[in-house]
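Student: All I have is the shape, not the residue letters:
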C-alpha cells in the first residue's frame, strides 16, 4: 500500500474494511439518487440549480468511478485522484449556491455573499492553499495539504456566511439551512480526517480514503435528504407583512438618496 | 500538534455552525424587522434641516471671532460634535434598516437585474465606507472639517446614480 500510495495510486484497505467502504459508498449513491429524485418531484432542483448540479456530478462520478474500478483496475488510481481533485474544486459551487441564496431576499446586498465567497477564496487560495502545494516535494503531501487547506477555506467562508446571515436577520429556511448544515458537517469532518492523514501519513491514508471520506459523505447527504425532502417556504418572505417590503427599484432609489444626502452634507 | 489544532478548528467550527444554525432558524420574524423608533426617516425635511444646523460652523465662528467668546465656541463645538456623531449613527441605522428590507417583487426579477444588484451593492459599500470615515473624522477632528472623500471621481458610481435617478425623474414627470 505504501508503494502504491507513494506513486499517487488510490489506496484501498484489504478485508472487511474494503467491503464496508463499498457498502457505505453505495449508501451515499442511493441517498444521492433519492435526493435528486426528491429535488425533481418537489421542484427544489429549480431553486438550487448549482447545488443539484453538484449532486448530479457526484452521482455520475460515483457510477463512472465504479465502472472504471470493475473494468480497468490499472486506470482506476489515476482516474480516482483526478476525480477527487476536481471534486474538491466543484464543492465550491455549493458555497456559491449558499452565498447566492442567503442574501436573495435583500436587493441591496443580493450579491454580497458571492463577493465574500470570491474574495476569501482568491485571497486564501493565494496566501494559504497555493504555498502548501508549491512547497511540497511529493505528490501525496501536496494533495493532502491541498485538501486540508481547501476545507479550512470552505469552513471560513461558511462561518462568515452564517454570521452575515445572522447579522442581516436573514431567515435561512429549512432547505437552505439544511444545505448549509450538511455541508458544514462534511467540511468539519474533512478537516479532522485530512489533518489525521497528514499527521499519520501512510498508516491512515487507506482507511481514510476508502472508509472515512464516504462515511463523512453519508452523514452529509443524509442531512441534505432530510432537510430537502420537500419544498419549504423562506420564512423571511412569508413572516414579514408585505407592507414592510419594497421592490428593488425603490430600494435602489433609496440607496442613491442616502448616498447623495451624505455627500451633500459632507461636502459643505 | 498541528493535527490537534486542526481537530480543534473542526470541532470549534461545528459547534459555531450548530449554534448559529439554531439561532438563525429560531429568530422571530420581528427581530429582523427594522426598529422604526431608533432610525429617523431621512425623507423628513426637519431631520435634514437639523443636519445642516449641526454641520454648519457659522455659529461657532460668530461666537469666537465676532463676539470674542472662544471658550463658549469650543463648548458649542463639543456639543455639535456629540450631535453630529448621533446624527451619523442614526443615519447609519436608518440605512441598515433599508438594507435589511426584503424584496417582494416576483422571483424572476432579480435574475434579470443582476447589473442593478451589483450597482446597489456598490452604493451600499460606498455609503458604509463614507459614513464610517465621516464618523472617524468627526470623532477625531470635530464636525467642521472637510476631510470626507466624495467618491464622485469614480465614473461607475456617477453612472449608477444617474441610471437610478432616470426612472425616478420619468415617474415624477408622468405624475405631473
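Tutor: Looks like it arrived, so ask away. Only a predicted model underlies this, so the values are computations on that prediction, with no experimental measurement involved.
Student: Tell me, how many residues neighbour residue 67?
Tutor: No chain was given, so I picked chain A. 12 (other C-beta atoms under 10 Å in any protein chain shown). No exception for glycine: its C-beta is placed from N, CA and C like everyone else's.
Student: not quite, I wanted chain B
Tutor: 10.
Student: Local confidence estimate at it?
Tutor: Residue B:67 carries a pLDDT score of 86 in this model.
Student: Stretch A:170-185 near chain B at all?
Tutor: Yes - Stretch A:170-185 is in contact with chain B by C-beta under 8 Å from any C-beta of the partner chain, via A:170, A:171, A:172, A:174, A:177, A:180, A:181, A:184, A:185.
Student: Among the residues you listed, name the ones in helices.
Tutor: Judged by DSSP state H, the subset of the residues of stretch A:170-185 next to chain B located in helices is A:174, A:177, A:180, A:181, A:184, A:185.
Student: Now that we have those residues, can you turn them into TSV and tack on pLDDT and neighbour count?
Tutor: TSV is the format used below for those (pLDDT from 0 to 100; neighbours: other C-beta atoms under 10 Å in any protein chain shown):
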residue	pLDDT	neighbour count
A:174	87	18
A:177	89	20
A:180	92	27
A:181	91	24
A:184	93	25
A:185	92	19
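Student: Relative to chain B, which of those residues is nearest.
Tutor: Within these, proximity to chain B (C-beta to the nearest C-beta) peaks at residue A:184, which comes in at 4.2 Å.
Student: What sits closest to that closest one if chain neighbours are left out?
Tutor: residue B:17 (4.2 Å; C-beta to C-beta, 6 or more residues apart in numbering or on different chains).
Student: what's the answer for residue B:121, then?
Tutor: That would be residue A:111: by C-beta to C-beta, 6+ apart, it lies 4.9 Å from residue B:121.
Student: number of nearby residues for the one you found?
Tutor: Neighbour tally, residue A:111, other C-beta under 10 Å: 22.
Student: any low-confidence regions in chain A?
Tutor: The model of chain A has pLDDT under 70 over residues A:1-15, A:201-204, A:206, A:234-246, A:266-268.
Student: Likewise for chain B?
Tutor: In chain B, residues with pLDDT under 70: B:24-48, B:104-115, B:146-176.
Student: what are the ranges of the helices in it?
Tutor: Assigned by DSSP H, the helices in chain B fall at B:2-26, B:45-54, B:58-61, B:70-99, B:108-112, B:114-141, B:155-175.
Student: can you put those helices in CSV and add mean neighbour count?
Tutor: Below are the helices of chain B laid out as CSV (neighbours: other C-beta atoms under 10 Å in any protein chain shown):
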stretch, mean neighbour count
helix B:2-26, 16
helix B:45-54, 14
helix B:58-61, 14
helix B:70-99, 17
helix B:108-112, 11
helix B:114-141, 18
helix B:155-175, 13
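Student: Distance to residue A:230 added to the ones you listed, as CSV?
Tutor: Formatted as CSV, the helices of chain B follow (distance: least, C-beta to C-beta, whole Å):
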stretch, distance to residue A:230
helix B:2-26, 17
helix B:45-54, 47
helix B:58-61, 65
helix B:70-99, 31
helix B:108-112, 23
helix B:114-141, 29
helix B:155-175, 39
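Student: Stretch B:92-100 near chain A anywhere?
Tutor: Yes - interface with chain A: stretch B:92-100 contributes B:94, B:95, B:98, B:99, B:100 (C-beta under 8 Å from any C-beta).
Student: meant to ask about stretch B:50-70
Tutor: Yes - Stretch B:50-70 is in contact with chain A by C-beta under 8 Å from any C-beta, via B:51, B:52, B:55, B:56.
Student: end-to-end on that stretch?
Tutor: 24 Å (C-alpha to C-alpha, to the nearest Å).
Student: Contact partners for residue B:76?
Tutor: Applying C-beta atoms under 8 Å, 6 or more residues apart in numbering or on different chains, one finds that residue B:76 lies in contact with B:59, B:60, B:63.
Student: Would you mind measuring from the second one to chain A?
Tutor: In this structure, residue B:60 lies at 14 Å from chain A, with C-beta to the nearest C-beta, to the nearest Å as the measure.
Student: looking at it, that residue is touching residue B:143, isn't it?
Tutor: No - Residue B:60 is beyond contact range of residue B:143, at 9.3 Å (criterion: C-beta atoms under 8 Å).
Student: Okay, helices next: where are they in chain A?
Tutor: A:2-6, A:16-42, A:44-47, A:49-71, A:76-90, A:92-102, A:112-124, A:130-135, A:139-167, A:173-200, A:202-207, A:213-227, A:235-238, A:248-266.
Student: other SSEs contacting the last one?
Tutor: Using 3 or more C-beta pairs under 8 Å, 6 or more residues apart in numbering or on different chains; DSSP states H and E as the contact criterion, the neighbours of helix A:248-266 among helices and strands are helix B:45-54, helix B:70-99, helix B:114-141, helix B:155-175.
Student: What's the separation between whichever residue of chain A sits closest to chain B and residue B:132?
Tutor: Closest to chain B within chain A is residue A:169: 2.7 Å, counting by C-beta to the nearest C-beta. Distance, residue A:169 to residue B:132, using C-beta to C-beta, to the nearest Å: 21 Å.
Student: just to revisit the earlier point, what touches both of residue B:60 and residue B:143?
Tutor: B:77, B:80.
Student: separation between the residue nearest to residue A:105 when sequence neighbours are not counted and residue A:102?
Tutor: Distances taken as C-beta to C-beta, 6+ apart place residue B:102 nearest to residue A:105, at 4.1 Å, with adjacent residues excluded. Noted for residue B:102: a distance of 13 Å to residue A:102, by C-beta to C-beta.
Student: All set, thanks.
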